[in-house]
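Participant: Here is the input, now give the coordinates:
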Amino acid sequence: MQGIYYLIKGLIIGISIAAPVGPIGILCIRRTLAQGRIIGFFSGLGAATADALYGAIAGFGLTFLSNFLIGQQMWLRLIGGGLLCLIGVKTFLSKPVEQRGSLEGNSLWSAYLSTFFLTVTNPMTILFFAAVFAGLGVGNASDHYVSAGILVLGVFIGSASWWLILSGFTGLLRGMLNSKRLQWLNRVAGLIIIVFGLAAFLSLMR
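Facilitator: I've put the predicted structure just below:
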C-alpha cells in the first residue's frame with residue numbers, strides 16, 4: 001500500500017516538473033509538428049530520463065555527487081545555454097522540406113540525447129528533489145531505498161506520460177501545416193529557444 005502511495009506521488013511530481021512550458025516543451029512541440037509524434041515523444045523522454053536521474057541522486061543520498069554537480073553549475077549553465085543557442089539557430093534555419101523525410105534511428109537518438117543533456121545541465125533540479133524526498137521522509141536511510149526507488153520510477157512515468165500526451169495532441173495539428181507555416185514555426189521556435197539560451201547566460205551574472 002505504501003508503495004502505491006509513493007508511486008502516485010512520483011507520478012504527480014513527474015507531471016508537475018514536465019508540464020510547465022520551457023525550452024524542452026517548445027522543442028517537443030516543434031519536432032512533433034515537423035517530424036511526427038515519435039520524434040516529439042523521444043524528445044520528451046530524454047528530459048524525463050534526466051529528471052529521473054537527478055531524482056535518484058537525491059533520493060539515494062548521493063550527496064557527494066549532488067554537491068559536485070551543484071558546485072559546477074556555472075559550467076553546466078554555460079554548456080546548457082550554448083546548446084540551447086545552437087539548437088535555436090539550427091531550428092531557425094531548418095527547411096521544412098528536409099524535415100518530411102523518413103524516420104531513422106539516428107533521428108530518435110539525436111532527439112533523445114539533445115533534451116537529456118539540456119535537462120541534465122540544470123543541477124538545481126537536485127535541490128528540488130532533495131527537498132521533496134526529505135519532506136516525504138525517503139532517501140535518507142538504507143531501509144528507505146525501496147520507497148525512494150518507487151518514487152523515482154513514478155517521476156519518470158509521470159514525466160514520460162506528459163510528453164506522450166503532449167506529442168500525441170500536437171501531432172493532431174500536423175496535417176494542418178503546410179511548408180510556409182512550418183517555416184514560420186521554425187523561426188518562432190528557434191527564436192524562443194535562443195532566448196532561453198541567452199537567459200541561461202544572463203543568470204550567471206546574478
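Participant: Please report how far the spatially most central residue of the chain lies from residue 85.
Facilitator: Taking Cα atoms, centre = their mean, the centroid of the chain lies closest to residue 47, which sits 2.5 Å from it. Distance of residue 47 to residue 85, given as Cβ to Cβ, to the nearest Å: 18 Å. C-betas here are computed from N, CA, C, even on glycine.
Participant: Which element, helix or strand, includes residue 50?
Facilitator: The secondary structure element spanning residue 50 is helix 37-59 (assigned by DSSP states H and E).
Participant: which helices and strands does that helix pack with?
Facilitator: In this structure, helix 37-59 makes packing contacts with helix 2-18, helix 23-35, helix 63-71, helix 105-120, helix 124-136, helix 145-171, judged by 3 or more Cβ pairs under 8 Å, 6 or more residues apart in numbering; DSSP states H and E.
Participant: which other residues reach the second one?
Facilitator: Going back to what we said before, that points to helix 23-35. Contacts with helix 23-35, where a contact means Cβ atoms under 8 Å, 6 or more residues apart in numbering, come from 18, 39-41, 43-44, 47, 84, 87, 91, 94, 96, 99, 103, 107, 111, 114-115, 118-119, 163, 166-167, 170-171, 173-174, 177, 182, 185-186, 189, 192-193, 196-197.
Participant: Kindly calculate the angle that it makes with helix 2-18.
Facilitator: Interaxial angle of helix 23-35 relative to helix 2-18 (axes from the mean of the first three to the mean of the last three Cα atoms, to 10 degrees): 80 degrees.
Participant: what's the angle from helix 23-35 to helix 37-59?
Facilitator: Helix 23-35 and helix 37-59 meet at an angle of 160 degrees, taking the same axes, to 10 degrees as the criterion.
Participant: Let's see helix 23-35 as CSV, backbone CA atoms only.
Facilitator: The C-alpha trace of helix 23-35 is given here as CSV (Å, rounded to 0.1, in the frame of the first residue of the first chain):
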residue,chain,number,x,y,z
PRO,A,23,12.7,25.1,-24.0
ILE,A,24,12.1,21.3,-23.8
GLY,A,25,8.3,21.9,-24.3
ILE,A,26,9.0,24.2,-27.3
LEU,A,27,11.3,21.6,-28.8
CYS,A,28,8.9,18.8,-28.3
ILE,A,29,6.0,20.7,-29.9
ARG,A,30,8.2,21.9,-32.8
ARG,A,31,9.7,18.5,-33.5
THR,A,32,6.3,16.8,-33.3
LEU,A,33,4.8,19.2,-35.9
ALA,A,34,7.8,19.0,-38.2
GLN,A,35,8.8,15.3,-37.8
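Participant: out of the helices and strands packed on helix 37-59, deepest packed?
Facilitator: Looking across the helices and strands packed on helix 37-59 with neighbours counted as mean count of other Cβ atoms under 10 Å, the highest average goes to helix 23-35: a mean of 24.
Participant: pLDDT weak spots in this protein?
Facilitator: Counting by pLDDT under 70, the chain contains low-confidence residues at 1-2, 61-70, 96-106, 123-124, 133-143, 178, 206.
Participant: ok, now with 80
Facilitator: Per-residue confidence of the chain (counting by pLDDT under 80) places the weak regions at 1-3, 20-21, 58-77, 94-106, 122-145, 147, 175-183, 200, 203-206.
Participant: give me every residue that touches residue 162.
Facilitator: Going by Cβ under 8 Å, 6+ apart, residue 162 touches 14, 15, 18, 19, 44.
Participant: With that, I have no additional questions.
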